[in-house]
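Visitor: this one's sequence-less:
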């Protein structure tokens, strides 16, 4: 039972990570688009009273972060019997098996990943949707760049079989939507510059 809980909390957390990233990328409208509409005298579309609000990704982002913490607690309990040193050594052996280097820092990188994800989720709740999305781009790039790098290593590099290939497909889909979001922003900026007096 413990192994199933460990397995599925990790997989569900990873799935929620992907879903939330896709929600954020698909639903985010670049600030420039809103600015262009204002300059052109356009009216922003209003949310219909009968239509449910768009999901921002905040709930799935937070739930994924919490499930990751539960995953680590379950692994410590069922697999390592609360022996932290044993867990650190097991992760170091996995690293050695894969890259040939026995490095005990992997567990601490995982902890950093967990803390960054949870801190970002908490920030999203404290700031609210609008202020969270308006934070400086470099903060989002650092947070999401770090999380993506670690997630790619965990799922694609260290994963095996179906997990690895599902991870490859998921990250290719995310890469497509990132590319699309970047191109949308690039297309709006020249138009915006022409419309300003």
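Guide: Received it, and whenever you're ready, just let me know what you need. None of these values were measured; they are calculated from a predicted model.
Visitor: Only C-alpha atoms from now on, for both contacts and neighbour counts.
Guide: Noted.
Visitor: what's around residue 156, how many residues?
Guide: By the measure other C-alpha atoms under 10 Å, the count of residues near residue 156 is 20.
Visitor: repeat for residue 138
Guide: Neighbours of residue 138 using other C-alpha under 10 Å come to 9.
Visitor: try the one 3 residues further on
Guide: Neighbour count of residue 141, defined by other C-alpha under 10 Å: 11.
Visitor: for the one 4 residues further on, same thing?
Guide: Residue neighbour count, defined by other C-alpha under 10 Å, stands at 12 for residue 145.
Visitor: Quick check on it: phi, psi?
Guide: Backbone torsions for residue 145, taken as degrees, to the nearest 10, come to phi -60, psi -50.
Visitor: And residue 80, by the same measure?
Guide: Backbone torsions for residue 80, taken as degrees, to the nearest 10, come to phi -110, psi 0.
Visitor: My guess is it contacts residue 90. True?
Guide: No: using C-alpha atoms under 8 Å, residue 80 makes no contact with residue 90, being 9.2 Å away.
Visitor: next structured bit after the lowest-mean-pLDDT helix or strand in the chain?
Guide: Averaged element by element with mean pLDDT, DSSP states H and E, the chain has its least confident helix or strand at helix 31-39 (a mean of 40). Using DSSP states H and E, the helix or strand that follows helix 31-39 in sequence is helix 58-74.
Visitor: Next, the buried residues of that following helix.
Guide: Residues 58, 60-72, 74 are the ones in helix 58-74 that count as buried (16 or more other C-alpha atoms under 10 Å).
Visitor: got it, and stretch 99-106?
Guide: Using 16+ other C-alpha under 10 Å as the test for burial, stretch 99-106 gives 102, 103, 104, 106.
Visitor: which residue sits closest to residue 64, ignoring its sequence neighbours?
Guide: For residue 64, ignoring the flanking residues on the chain, the nearest one in space by C-alpha to C-alpha, 6 or more residues apart in numbering is residue 13 at 4.3 Å.
Visitor: count of residues packed around the one you found?
Guide: 23.
Visitor: who touches it in this structure?
Guide: 63, 64, 65, 67, 68 (C-alpha atoms under 8 Å, 6 or more residues apart in numbering).
Visitor: Tell me which residues touch residue 101, please.
Guide: Going by C-alpha under 8 Å, 6+ apart, the list of residues near residue 101 reads residue 95.
Visitor: Relative to residue 156, how far out is residue 163?
Guide: Residue 163 sits 8 Å away from residue 156, taking C-alpha to C-alpha, to the nearest Å as the criterion.
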